[in-house]
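K.L.:
model the following, please.
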Amino acid sequence: MQQAPSCNLGRVARQPPHTAFKAGANVYRHVAHARPSVHGQQLCKQSVTAALQHTQLQRAARHVQVNSTAEAVSSGSYTDITKGSPEPLGPSRQGSVTNFAVFSHAATAMSLVLQNTADDSRQEIPMNKSGDVWHVAVDGLPSSSICYALRVSGNGGWETGYRWDKSRLLLDPRAPLVAGRKTWGTREPQEEFQLDKGSQWWGTFDFDSQFDWGSGYSRPQLSLKDLVIYEMSVRCFTASKSSGVDADMRGTYLGVADKVEYLKDLGVNAVELLPVFEYDELELQRWHNPREHMVNVWGYSHMSFMAPMSRFGTPGSGPVQAARDFKEMVRTLHNAGIQVILDVVYNHTAELDDKHPYLISMRGIDNMTCYMVDPSQYVQLINLSGCGNTVNANHPVVKQLIIDSLVHFVEEYHVDGFRFDLASCLCRDGKGHPIAAPPLIREIAKHPVLSKVHLIAEPWDLGMYQVGSFPNWDVWAEWNGKYRDDVRRFIKGDAGLKGAFATRVSGSADLYHTHNRRPYHSINFVTAHDGFSLHDLVSYNVKHNEANGEGNNDGSNDNFSWNCGVEGHTSDGGVLDMRYKQMKNYLTALLMSIGTPMIVMGDEVAISHHGNNNWYGHDTELSHMHWPSQGDERRQGLLRFTSELIRFRKSCPLLNREHFLGPKDITWHEDNWHNPDSRFLAWTLHDTHNTGFGCVYIAFNAHPFEVKVSLPKAPQGRKWCRLMDTNLPTPRDFTPGGIAGVDAVYGVAPYSAIVLVSKQL
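P.N.:
Numbering: from 1, shown residues only. From the prediction side, this is the model:
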């Protein structure tokens, strides 16, 4: 396996429940590319064109200015320096010439800094300005393994809204790869780490590598309505020794690829990866604070929108190999019929706020363009993300950066879709005001490439809650936060929730049956990465976040959880039976609902975060997926139940619906809708399209007592067969194909659910 040098010259928690607010204070939260995206035509084209009309590109060598603290590299490092071109932005290659172009409207000077890791020397080359783009071309540089950064100067101080600091070297926002640290969680000398200021990060590229996707390879073609999504962390999925993955692959892209058979057996057909753009996992250790013991495993703190996280690659190998590993992971998953969705964070970056600024990239290049800023306020950075800053996503320059980032990962890395973190932030103007038709959201929905992949919004931020009303152009899907809250509350036995529960499991037509939206635009979930795991949802009444260092003040207090009688871990068999039954109830509701289901890594095997509902900063057993042993009967039983349930859902055309339910598609066996004390609900889904599948009867009892229910008459020539009953022990709780002999009156046990299917006589 080829190992590339890092350089060579030659949160954080977010759980908005029914409220739209992040919890905690100051929460924290981009590929080898031979043809960087050409889009300079769209960025200040008039000013660039005017400048070029008055300037001929000359191929005359320029004088090289060397930083006073760095040695000069030998004259053989390159053969020529020319003015270069403002198009395309980022690094690009033509023949032996590498062009660098960076947008900055207000900068008064910019230079390109090249680093030679052979002798740690640096060269600093002044860049030229055409319109609002700074550029220079270097002939003779190698086409890979080059590290570069930017030094930027400008006029005006704090009061202008800009954050100039020519002492800092900055990362090109369009660098296709990021170099700096090769080993997860371990600082290295080349970072030049400084307390408070943080680490130094370098852009790099690889114009040579060609990844072989294979002659028989193809991307899985799956509609959103057919997906069962598995939300997961690359790091936490295989970091534990219990994963059985070789030590040098744990917590990596290749670790995910190694567990593809597990994912196939589980039955999921899409993975939604927590952020995998480059970020600094040690950002919380940058200054002295109550959380400096933490390591960010979630990754909601991008420093780049273009580069994959290099430390999820083969340990110590650097960004070029990490890009190959990422593609290997995608290829392996695709070959298994599993799509790849990325959780992307375009609403804020790792550069934080003005109290603890982390000057890495856009902040020092053009703060007023890249972020929402109000210089008239004492706190100038508008913070609608809860993470110190908000990206000015609808500015034309930033919008194009985001579009190009998305296209880059679709075309270069073959990803199948995106989930947009705090997507309501992307629906605002430069001062944070809501926009009814956000240019970015609209352009993504209309884009010839992006409109053909899955687009999922987390439809809230600190000031807006847009569940059911996110600007969508009949393309965007949404995380349905109302589904989570209503399902949690009904199943744990809250009063007055039956009508809301019925609305959610039948497709949330109140939210999504508008224009040409479909039921699958509702991404249904009971749990997500931020918040309680499924096990903890039935094991804790309150959060236990003491390990986070904030006095248990971070994380959401609105969990709608029930501990089944004992707070936390217990050996009480009766309590454990109830907890596992409740977990099966939640999974049944999720996978029997109309809409697109999403389950979370480890819920199928009852992993616990010990009551911590904001576990973003723990690279320990608290966050790692603990894989069950063969002798762990309860957890293995839950895994079997979940996989059988997923298999049934994927086979059932009554659930994987293209259109909303009509009156002939469903019968509610209910005449007690308005009784707030009623906690029993049953319904039948009818095979109105004559698929031959039969009808499905579903009932939930959230009472603490048994409910005897008279079953509806089965369709002519058919009989009811019990598919599952969550009150029964494994393996009787789920019988593939169904078991015959169901009585006309069925006793639905306390806190349990049943599913019956009609089979031919």
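
K.L.:
in this structure, which spans are helices?
P.N.:
45-53, 234-238, 253-258, 260-266, 319-335, 362-370, 396-411, 439-446, 481-491, 498-505, 509-512, 534-537, 573-591, 633-651 (DSSP state H).

K.L.:
among these, single out whichever gets nearest to Ser424.
P.N.:
Nearest to Ser424 among the helices of the chain is helix 439-446 (10.0 Å), distances taken as Cβ to Cβ. Every residue, glycine included, has its C-beta placed from N, CA and C.

K.L.:
pipe the helices of the chain into JSON lines and attach distance to Leu681 per row.
P.N.:
Shown next, in JSON lines, are the helices of the chain (distance: least, Cβ to Cβ, whole Å):
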{"stretch": "helix 45-53", "distance to Leu681": "59"}
{"stretch": "helix 234-238", "distance to Leu681": "35"}
{"stretch": "helix 253-258", "distance to Leu681": "38"}
{"stretch": "helix 260-266", "distance to Leu681": "28"}
{"stretch": "helix 319-335", "distance to Leu681": "37"}
{"stretch": "helix 362-370", "distance to Leu681": "50"}
{"stretch": "helix 396-411", "distance to Leu681": "41"}
{"stretch": "helix 439-446", "distance to Leu681": "36"}
{"stretch": "helix 481-491", "distance to Leu681": "8"}
{"stretch": "helix 498-505", "distance to Leu681": "5"}
{"stretch": "helix 509-512", "distance to Leu681": "16"}
{"stretch": "helix 534-537", "distance to Leu681": "20"}
{"stretch": "helix 573-591", "distance to Leu681": "10"}
{"stretch": "helix 633-651", "distance to Leu681": "19"}
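
K.L.:
worst mean pLDDT among the ones you listed?
P.N.:
Of all these, the minimum mean pLDDT falls on helix 45-53 (a mean of 35).

K.L.:
not counting its neighbours along the chain, what's nearest Lys759?
P.N.:
Cys721 (4.8 Å; Cβ to Cβ, 6 or more residues apart in numbering).

K.L.:
which secondary element of the chain has the worst mean pLDDT?
P.N.:
Lowest by mean pLDDT, DSSP states H and E among the helices and strands of the chain is helix 45-53, with a mean of 35.

K.L.:
returning to what we had before: possible to save the helices of the chain as a markdown table with distance to Ile599 and mean neighbour count?
P.N.:
Formatted as a markdown table, the helices of the chain follow (distance: least, Cβ to Cβ, whole Å; neighbours: other Cβ atoms under 10 Å):
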| stretch | distance to Ile599 | mean neighbour count |
| --- | --- | --- |
| helix 45-53 | 46 | 14 |
| helix 234-238 | 14 | 27 |
| helix 253-258 | 16 | 24 |
| helix 260-266 | 9 | 16 |
| helix 319-335 | 17 | 24 |
| helix 362-370 | 35 | 25 |
| helix 396-411 | 24 | 20 |
| helix 439-446 | 26 | 18 |
| helix 481-491 | 12 | 24 |
| helix 498-505 | 16 | 21 |
| helix 509-512 | 20 | 18 |
| helix 534-537 | 8 | 26 |
| helix 573-591 | 7 | 21 |
| helix 633-651 | 7 | 19 |
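
K.L.:
ok, which stretches of the stretch 101-250 of the chain are strands?
P.N.:
Taking DSSP state E, counting those that start in this stretch, the strands of the stretch 101-250 of the chain run over residues 107-116, 121-126, 128-130, 133-139, 147-154, 177-179, 202-204, 229-232.

K.L.:
hey, which of these is tucked in deepest?
P.N.:
Highest mean neighbour count among those (mean count of other Cβ atoms under 10 Å): strand 177-179, with a mean of 31.

K.L.:
what sits against the residue minimising distance to the centre of the chain?
P.N.:
Nearest to the geometric centre of the chain sits Asp343, at 1.7 Å (Cα atoms, centre = their mean). By Cβ atoms under 8 Å, 6 or more residues apart in numbering, Asp343 lies in contact with 231, 272-276, 418-419, 421.

K.L.:
what's around the nearest residue to it once chain neighbours are set aside, how many residues?
P.N.:
In space, and not counting its chain neighbours, Asp343 is closest to Arg419: 4.8 Å by Cβ to Cβ, 6+ apart. By other Cβ atoms under 10 Å, 25 other residues sit near Arg419.

K.L.:
do the same with the one 4 residues further on
P.N.:
Using other Cβ under 10 Å, Ala423 has 30 other residues around it.

K.L.:
ok, back up a step: any idea which of the strands of the stretch 101-250 of the chain gets closest to Met368?
P.N.:
strand 147-154 (10.0 Å).

K.L.:
what stretches of the stretch 201-350 of the chain score poorly on pLDDT?
P.N.:
Applying pLDDT under 70 to the stretch 201-350 of the chain flags no residue at all.

K.L.:
and which of the contacts of Asp343 is nearest to Val538?
P.N.:
Of the contacts of Asp343, the one sitting nearest to Val538 (Cβ to Cβ) turns out to be Glu231, at 18.8 Å.

K.L.:
who's Met598 bridged to?
P.N.:
Bridge pairing for Met598 (DSSP bridges) gives the partners Ile229, Phe525.
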